[in-house]
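S.K.: build the 3D model from these lines:
(2 chains)
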Amino acid sequence: MRAETARYLASRLVTSALIVLGAMLLLFALSALVPGDPAVTLLGPQATPEFARQFIREMGLDRPLHERLWLFLTNVLTGNLGTDVLSGRPVAGMVLSVMPYTFVLTFGAIGLAVLLGVPLGVFAATHRGSLADNVLAFISVAFIAVPSFVVAILLLLVFSIWLNWLPVLGAGNADDLWDQARRLILPMAALAIGWVGFIARLVRSSMLEVMAEPHIRTMRAYGIPERLVTYKYALKNACIPTIALLGMGVGRLLGGAVLVEIVFARPGLGRLIYDALSVRNFPVVQGAVLVVVVLFVVVNLLVDLSYSAIDPRMRRGGAAK
Amino acid sequence: MTALRPLVQVLRQVCGTVPGALGFAIVLVVLGAAIFAPWVATHDPDRLDIMNRFAAPSAAHWLGTDHLGRDLYSRLVHGASIAMAVALSAIAAALTAGTLLGILAAWMPPRGEAAVLILFDVISSFPSLVLALAIVAVFGPSTFMVVVIAGITLTPHFGRVARAQVLTLRSAPFLEAERILGAGLPRIVFRHILPNIMGPLIVLASMDIPVVITIEAGLSFLGLGVRPPLASWGVLIQDGYQYLSDSWVPVVVSSAALAVATLGFTLFGEALRDAVDPRIRQER
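M.R.: Numbers count the residues shown, from 1 in each chain, chains lettered A, B, ... in the order given. Coordinates of the predicted model:
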C-alpha cells in the first residue's frame, strides 16, 4: 500500500515536471521564432543602430541558440523570468504584483460555483423527473453553453449600466475593501456561471448513482432520516467526481479569467499578458504564460493528490479513464 | 437511399425531446444562414453608411446598424458562415489527427502508448486560451491560427475515444479471422476499424462544434482571431462593446446570436449522443 502510494506520487510529480519543461521549451521555441529583427519589433524602427546593438547584447540575442536556451532554463529555475523590454522592470515582480487579483477572481468563482451548483444538483437528484428537474437540466445546459465573456458583457450592461447597482470597471481602491468586493461580484459571477451548470449536472448524476447503492438502502431500512441520508452520507460520496472535475477545469477557468479580466478592465495575469501582447513585449508574455502554466500544474497536482487521499480506489494507475 | 434510414431514425429520436428539437431547429437555422449567407442577408455586410450610425431596428435594417452604419442582421448572417467554416475545419483537423493518434496509441507498445496518453493529458488540461495568447504573440492573429489552436485543443477528445474504441474492437472475433486470413494492418484499419469507430467520433464532433465557436468568438473578441473587417461574431461583440456608451443594441444582438448558436449546438449534440449511444459520457 505504502509503496503503491509512493509510486503514484512519483509518477504524478514526473508528469508535472514534464509539462512544465515542455511549456518552457515551447515558449523558448516561440521566442526564437518571432519573425523579423527582435530589436526592430520591440524598439520600433526609430531606434538608433547603436542602441539596437546594445539592446541585442543586453538581451543576449547575439549568442548561439543553445546558449540562449541554457540561459533561459537556468534563469527560470532561479526565479528570474527576464526583464520587461519597455520599463526595464523584472517580469517576475510584475507577475507577482497582479497575481492576487487573478487568484481572488478564480478561486472566488470556484467557491461561488460550488455554493450554487451543489445544492441545485442535490435538489434535482431528490426531485428526479419533476418539472423542476427538467427546468434545472435546461438551465444547466444554457449556463454551460454560453461563453463566459458574453455573460460578462451582459451582466455589465444590466447591473452596471442599466440598473447602476454595481460599479463598472477596475479592481477598485486598494485601501477600500468594500469597494474591491463590490467590483469583484460581477466578474466572479460571469466566471462562475458555467461551472454552476457543470457542477449541478455532475452532482445530480453522481447522487442518483450513489442513492441506488445498497448501503443507502440499508440506512433507510434502519430508519435514518432521509435528510441525513441525503446530505451526510450520499452527498459525501457524490462529491468525489466533482473534485476531479474542478481539477480538470482549472485550466479552462484560468483561460476564462483572461477574457473576464479584459471585459471588466481588471488587473490580473490575463490582462498583463494581453497588454504585453498588443505591444509585442514578448518577455512579459513568456514569463506570465509560464507562471500560469506552473500555477495550473500545481493546482492540478494538489487536486489529484487530494482526490486519491479521499478515494483510495483511485490510487491504482491514476484516474480511471 | 437505404443508407439514409438510420440517419432519419436518429434525427427522429433527437427531435423526440423538447431540448433536442429546439437544438436541431437552431442548428438548421445557423447552418442555413451560413450556407446561403449572400442570399439570406439583406445588405452587403461591409457597406458603410456613416449617416446611419446606430440606427434602431427598422424595416430597412431588421436589427439596426453598428458604429459604421453597417447592417447588423447581414453581418450576423455572414458571421454564421465564418463560425461554421472555422468550426468545421478545426474539427476535421482534430478528428483526423486524433483518430490517427488514437489508433496508433492502441497499437503501440505500452511505453509509446503512455507517451501519447500523457500528450493528450497535457493538451486537454492546458489552459488553451493562454497558450493561444503565446502563439498569437509570435505568429500574429489570423483565421488560420484560430483553426490551428482549436484543432490542437480538440485532438485529445477524439484521440481518447478512438483509442478506447480500438481497444474494445481489437480482440473481436471477426478481426481475429481477418488477421488469420492474412489481412495487413492498412486493410484492417481502413476496412474494419474506421467504419466501426466512426459513430461515436461523429457524435463527439457535433458536441465539439460549440466549443470551437466559443474559442473562435473569444479570440476574435480579443482581436487575436478573425481580423476586423470580417464579420465574425466575436468581432461584432467587440465592436458593440467598444461603443456600448452610444448604443446597447449591437452588443446585445450579437451576444444573443452567439449565445443562441452555442446553446443550440450543445442541445443538439447532447440529444444526438443520447440517441446514438447513451453510454458515451462527456469527455472533458
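S.K.: so the residue of chain A found nearest chain B: helix, strand or coil?
M.R.: Across chain A, the shortest distance to chain B (Cβ to the nearest Cβ) belongs to A:Gly255, at 3.3 Å. (Each C-beta comes from the backbone N, C-alpha and C, glycine too.) The three-state label given to A:Gly255 by DSSP: H, G, I helix; E, B strand; the rest coil is helix.
S.K.: so which helix or strand takes in the residue nearest to it when sequence neighbours are not counted?
M.R.: The shortest distance from A:Gly255 to any residue other than its chain neighbours is 3.3 Å, reached at B:Leu129 (Cβ to Cβ, 6 or more residues apart in numbering or on different chains). Using DSSP states H and E, B:Leu129 maps to helix B:128-139.
S.K.: ok so, going back, what number of residues lie near the residue of chain A closest to chain B?
M.R.: 24 (other Cβ atoms under 10 Å in any protein chain shown).
S.K.: and it, how far from A:Ser148?
M.R.: To A:Ser148, A:Gly255 is 9 Å away according to Cβ to Cβ, to the nearest Å.
S.K.: then B:Thr42?
M.R.: Counting by Cβ to Cβ - B:Thr42 and A:Ser148 are separated by 32 Å.
S.K.: contacting residues for the one residue in the stretch 1-150 of chain B that gets nearest to chain A?
M.R.: Per Cβ to the nearest Cβ, B:Leu129 is where the stretch 1-150 of chain B lies closest to chain A, at 3.3 Å. Going by Cβ atoms under 8 Å, 6 or more residues apart in numbering or on different chains, B:Leu129 touches A:254-256, A:258-259, B:215, B:218-219.
S.K.: run the last query once more with 7 Å
M.R.: By Cβ atoms under 7 Å, 6 or more residues apart in numbering or on different chains, B:Leu129 lies in contact with A:255, A:258, B:218.
S.K.: can you tell me what sits against stretch B:136-149?
M.R.: Here stretch B:136-149 has contacts from A:30, A:33-34, A:277, A:280, A:282, A:285, B:86, B:89-90, B:93, B:128, B:132, B:135, B:215-216, B:219, B:223-227, using Cβ under 7 Å, 6+ apart.
S.K.: report the buried members of the residues you listed.
M.R.: Among the contacts of stretch B:136-149, those buried by neighbour count (16 or more other Cβ atoms under 10 Å in any protein chain shown) are A:30, A:277, A:280, A:282, A:285, B:86, B:89-90, B:93, B:128, B:132, B:135, B:215-216, B:219, B:223-226.
S.K.: show me those residues that map onto helices.
M.R.: Using DSSP state H to define helices, the subset of the buried ones among the contacts of stretch B:136-149 located there is A:30, A:277, A:282, A:285, B:86, B:89-90, B:93, B:128, B:132, B:135, B:215-216, B:219.
S.K.: number of residues surrounding A:Trp162?
M.R.: 10.
S.K.: hang on, I meant B:Ile188
M.R.: For B:Ile188, using other Cβ under 10 Å, the count is 17.
S.K.: in a strand, that's where it is, yeah?
M.R.: No - secondary structure of B:Ile188 (three-state DSSP): helix, not part of a strand.
S.K.: name the nearest residue to it, ignoring sequence neighbours.
M.R.: According to Cβ to Cβ, 6+ apart, the nearest residue to B:Ile188 is B:Glu178 (5.9 Å).
S.K.: A:Gly88 belongs to a helix?
M.R.: No - membership of A:Gly88 in a helix is not supported by three-state DSSP, which gives coil.
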